[in-house]
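Colleague: sequence unknown, structure follows:
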Ligand code: HEM
């Protein structure tokens, strides 16, 4: 092989390696998009949270849980919920609130209250046109908290 052939071979090899490396990075990042990213990031999660809270507060059976909270307490609860959902879906937020058992203990939340809440969450996700796959993942992400939140069977 001449010197010229060698350098051409070398260049082709380098190009091939770069091509495959870029391909690998692109396909990996496409596969690894977090639920947080697929939902649309922080602003989308904040909007989903606000819509859900609106439904819970105005629900004839669940509204009673939120009576008596000061405006500031409502803001704090809302921010905790945004951060909780952000963290639970793989986002960059840190949840600094109390754990689910501590924060719901004594409220007497029943199985039926839970089902109504899940229905409102589904209605919210439908309103924001969240695809079925992501909806199931959101429900799975919060579903694990049920055992700590529901007190009455
Ligand atoms: C979908 C599952 C649920 C999640 C992920 C969730 C999440 C949260 C979070 C993050 C907080 C704030 C905790 C803190 O202040 O440190 C909270 C508080 C609260 N949640 Fe939930 N929650 C859920 C279900 C429910 C249900 C079904 C109800 C009743 C209908 C409810 C009523 C409340 C109330 C009243 C508070 C305020 C408690 C207080 O500050 O004393 N939550 N929740």
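Modeller: Happy to help now that I have it. Nothing here was measured: the structure is a model prediction, and the numbers come from that model.
Colleague: give me the number of residues near the one residue in the chain that gets nearest to the ligand?
Modeller: Here the chain gets closest to the ligand at one residue, residue 97, 3.0 Å apart by Cβ to the nearest ligand atom. C-beta: built from backbone N, CA, C; applies to glycine. Around residue 97 there are 14 other residues, counting by other Cβ atoms under 10 Å.
Colleague: Quick check: closest non-adjacent residue to it.
Modeller: residue 80 (3.9 Å; Cβ to Cβ, 6 or more residues apart in numbering).
Colleague: show me where the protein has helices.
Modeller: 3-31, 35-39, 41-58, 71-88, 100-104, 111-127, 132-143, 146-149 (DSSP state H).
Colleague: from those, which stretch is densest packed?
Modeller: helix 35-39 (a mean of 19; mean count of other Cβ atoms under 10 Å).
Colleague: residues in contact with it?
Modeller: Applying Cβ atoms under 8 Å, 6 or more residues apart in numbering, the contact partners of helix 35-39 are 45, 48, 86, 89, 90, 91, 92, 130, 134, 137, 138, 141.
Colleague: among the residues you listed, which two are most distant?
Modeller: Farthest pair in the contacts of helix 35-39 (Cβ to Cβ) is 92 and 130. Separation: 19.9 Å.
Colleague: Comparing the two, which shows the higher neighbour count?
Modeller: residue 130 (19 against 10).
Colleague: Please give me every residue in contact with the more buried one.
Modeller: So residue 130 contacts 39, 48, 138 (Cβ under 8 Å, 6+ apart).
Colleague: I figured the last one hits residue 122, correct?
Modeller: No: taking Cβ atoms under 8 Å as the contact criterion, residue 138 and residue 122 are not neighbours in contact, 9.2 Å apart.
Colleague: Backbone dihedrals for the residue sitting nearest the centre point of the chain, both of them.
Modeller: Centroid-nearest residue in the chain, with Cα atoms, centre = their mean: residue 89, separated by 3.2 Å. As for residue 89, its main-chain torsions (degrees, to the nearest 10) stand at phi -100, psi 10.
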